[in-house]
Structure formats: structure tokens, C-alpha cells
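Novice: okay, predicted coordinates and the sequence, questions at the end:
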Amino acid sequence: MEWTLAHPLHDIGDIMELTARNYSDDAEIFAKKDHGVFEHIITVTLTTQLFDKSKEFVAVCRDEGRLLGYCWFDRGGYTTYSRDEISNAKYHHVDLELSPRLRVRLINEMIDQHLLWAARWGIPVVCSSSIRADYEAFMKIHKKRGFTIMGSYAWIRTVEGLKWVK
């Protein structure tokens with residue numbers, strides 16, 4: 001297994017396929033998904049990442065060419081009561097056909113990458129959330145990593161989270 005930064009020429013098709021196969025219905029109850037919009041946004045994001053790694057972070061994990069999962073984090077989030085910047089996780093997507101043990105491992109590796117990326121760019125707060133109806137196991141992974149859980153949101157100060165990075 002190997003993690004690499006996602007590349008617009010090599011990874012978009014597999015990201016699109018994995019998302020459609022495993023996560024297609026998650027938001028349909030409140031927003032009509034448009035795969036063309038998603039493809040446009042991921043293409044722009046990955047192209048920007050080639051030139052400026054501080055804007056957003058998208059990484060893929062492959063094993064013998066097969067996409068096992070990908071993570072996507074942004075920055076520029078703020079609450080209405082603080083000037084502390086927040087990095088939000090857009091996606092922690094893993095292939096749901098993988099064993100539960102491997103999925104947990106991949107999510108933990110994604111959390112590590114989120115914290116390391118946020119630390120590299122001086123972002124003091126990391127937030128991870130889920131729109132999935134079944135989010136308890138995902139939040140449990142974060143809780144074990146020291147995150148504060150509030151419903152389907154997990155929060156941690158980056159410096160505190162780094163203590164849990166392997």
C-alpha cells in the first residue's frame with residue numbers, strides 16, 4: 001500500500017468510480033448529485049494542488065494499482081466566535097469492500113495526514129464530519145485519537161492531534 005498526492009492525470013477516474021460505487025446515495029435526500037460538477041471540482045483542486053499544496057490536500061492510497069481510498073481536506077473554515085482557522089475534512093473515502101480492519105487502518109492514516117498537513121500550513125484546528133447516517137464507527141475512530149465528538153463532528157486542536165500521530 002502506498003499513499004501519494006492525487007494527480008489530475010492519473011487519479012480522477014478512479015476517485016469518481018469509487019465515490020459513485022460506495023458513496024453515491026449519501027447526500028441524495030437533500031442535494032441532487034451531479035457527477036459532472038464533482039469531476040470539475042476535483043480536477044480543479046488536483047491541478048491547483050500541483051502548484052500550491054497549501055490550498056487543499058487530496059491523497060490516494062493504492063495497492064498494486066487498485067484505489068483503496070482517498071482523503072480530501074480543505075482550509076479556510078472559521079466559526080463566528082474565533083479567528084482560529086479550521087481545516088475541514090471533505091472526504092475520508094475507503095473502498096467499502098475492504099475488510100473492516102483495513103478500512104480502520106486507512107482512516108487512521110488519513111487522520112494522520114490531515115493533522116500533518118494542517119500543522120505544516122499552520123492551521124490550528126482540524127474538523128472531521130460525516131453526512132452518512134451510520135457515522136458512529138467513524139466518530140469512534142476519532143474519539144480514540146483524542147478528538148472531541150459532537151454528534152457527527154469531530155474536533156481537535158492540531159497540536160493536540162499531533163501527539164497521536166504514529
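Specialist: Happy to help now that I have it.
Novice: what's the spacing between the most far-flung residue of the chain relative to its centre and Met150?
Specialist: Most distant residue from the mean C-alpha position of the chain: Tyr81, 24.9 Å away (Cα atoms, centre = their mean). Counting by Cβ to Cβ, to the nearest Å, the gap from Tyr81 to Met150 is 15 Å. For the C-beta atoms, the positions are set from N, CA and C on the backbone; glycine is no exception.
Novice: Tyr91 now?
Specialist: Here Tyr91 is placed at a distance of 20 Å from Met150 (Cβ to Cβ).
Novice: next: Trp3.
Specialist: Relative to Met150, Trp3 is positioned 29 Å away (Cβ to Cβ).
Novice: Asp14 now?
Specialist: 33 Å.
Novice: what of Trp72?
Specialist: To Met150, Trp72 is 22 Å away according to Cβ to Cβ.
Novice: so which of the two has more stuff around it?
Specialist: The neighbour count for Trp72 versus Met150, taken as other Cβ atoms under 10 Å, is higher for Trp72 (24 against 11).
Novice: what residues are recorded as beta-bridge partners of that one?
Specialist: Beta-bridge partners for Trp72, by DSSP bridges, are Val58, Tyr91.
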